[in-house]
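# the amino acid sequence is not available; the structure is as follows:
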Ligand SMILES: [Zn+2]
Ligand SMILES: [Zn+2]
């Protein structure tokens, strides 16, 4: 692929984020960094270094809706903006969607036994929205679709880390733009996010994520351009390491279920040092392991006075 990597600063703990400029029949930017002034300057100079101007970008494609990737869609008013349908809710930020999102989290947190005093702190969305762009998508990308302007470049829907997550595979070179599906130095967190359709249940992010890693494995990609850190070549080996680690951690969670517990109780035990500062993230991780255990038939769940309790079955 004729690809140019642009490293962009972010104010998030994850550090820099990568954007990619791809020259085909048209000029496409994959991901656009968070909406900060510093990132805008870095994006502009990165595009210049590749020999183009901001106005030359004809398409901006988002791997997923997280603010470290989807901020500067606002910098390309002349371009087509493409991504999974779910991204559009986050860019449009209608009061109805924000209300739906907040109510989803309130309901989930109560079910997981989180005390009321923590709930609003987790639900507050302001930080997350401030660095997101507000230019809606001009077109949705479907699973399996070929990207216009790039013959042979195909999108694969890979949810888990985000409900909107897509990767883009070039069938000629067998290289792919991978977003946050698989990263060099850190495990991609299977974040709990509201389902795309109100009538659906909460997505089981870690189970989805493992399925998405299996999709990536089957593609036998030669080189993966990642959302954070370096490009990857030993992809299948890293996938096995990530999945094994999750399974190992899930077994540790199972050990803690000698007596039935809820998600909040388990999170306090598993992440005693950090759970108060990173409650949303640590709860997501605990829920992920429990979803995995439920999926393999190792636990059952009972609703007691509005809170879900997990029982060990094996
Ligand atoms: Zn992400
Ligand atoms: Zn990211």
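Arrived safely. These numbers were taken from a predicted model, which means no experiment stands behind them. Ligands and ions are numbered 1, 2, ... in the order given.

# show me what contacts residue 231?
Shown in contact with residue 231 (CB atoms under 8 Å, 6 or more residues apart in numbering): 5, 223, 224, 225. Bear in mind the C-beta positions are built from the backbone N, C-alpha and C, glycine included.

# separate out the buried members of the residues you listed.
Buried subset of these (neighbour count, 16 or more other CB atoms under 10 Å): 223, 224, 225.

# closest to residue 289 among these?
The shortest gap between residue 289 and any of the buried ones among the contacts of residue 231 belongs to residue 224, at 25.5 Å (CB to CB).

# and residue 166, what is it in contact with?
Contacts of residue 166 (CB under 8 Å, 6+ apart): 62, 63, 64, 83, 84, 141, 143, 155, 156, 157, 158, 179.

# now it. Nearest residue, chain neighbours left out?
Leaving aside its sequence neighbours, residue 166 sits nearest to residue 155 (CB to CB, 6 or more residues apart in numbering; 4.9 Å).

# burial count for that neighbour?
22 (other CB atoms under 10 Å).

# ok but it is inside a strand, no?
Yes. The assignment for residue 155 is a strand, going by DSSP: H, G, I helix; E, B strand; the rest coil.

# partner residues bridging it?
residue 168 (DSSP bridges).

# returning to that earlier point: which members of the contacts of residue 166 are classed as buried?
62, 63, 64, 83, 84, 141, 155, 156, 157, 158, 179.

# in which helix or strand does the residue in the stretch 1-150 of the chain that ligand 2 sits nearest to reside?
At 4.4 Å from ligand 2, residue 68 is the closest residue in the stretch 1-150 of the chain, using CB to the ion. Following DSSP states H and E, one finds residue 68 outside all helices and strands.

# any idea where the helices of the stretch 151-300 of the chain begin and end?
205-219, 235-256, 263-270, 279-295 (DSSP state H, counting those that start in this stretch).

# my guess is residue 274 meets residue 280, correct?
No. Residue 274 sits out of contact with residue 280 when judged by CB atoms under 8 Å, with a separation of 11.6 Å.

# comparing these two, which residue is more hemmed in?
residue 280 (18 against 12).

# just to check, that one is in contact with residue 122?
Yes. The pair residue 280 / residue 122 is scored as a contact, 4.8 Å apart, by CB under 8 Å.

# what's the average pLDDT for stretch 248-266?
Mean per-residue pLDDT for stretch 248-266: 97.

# ok, now stretch 98-109?
93.

# in that stretch, what's buried?
Quick answer for stretch 98-109 (16+ other CB under 10 Å): 101, 104, 105, 106, 108, 109.

# ditto for stretch 34-43
34, 35, 36, 39, 40, 42, 43.
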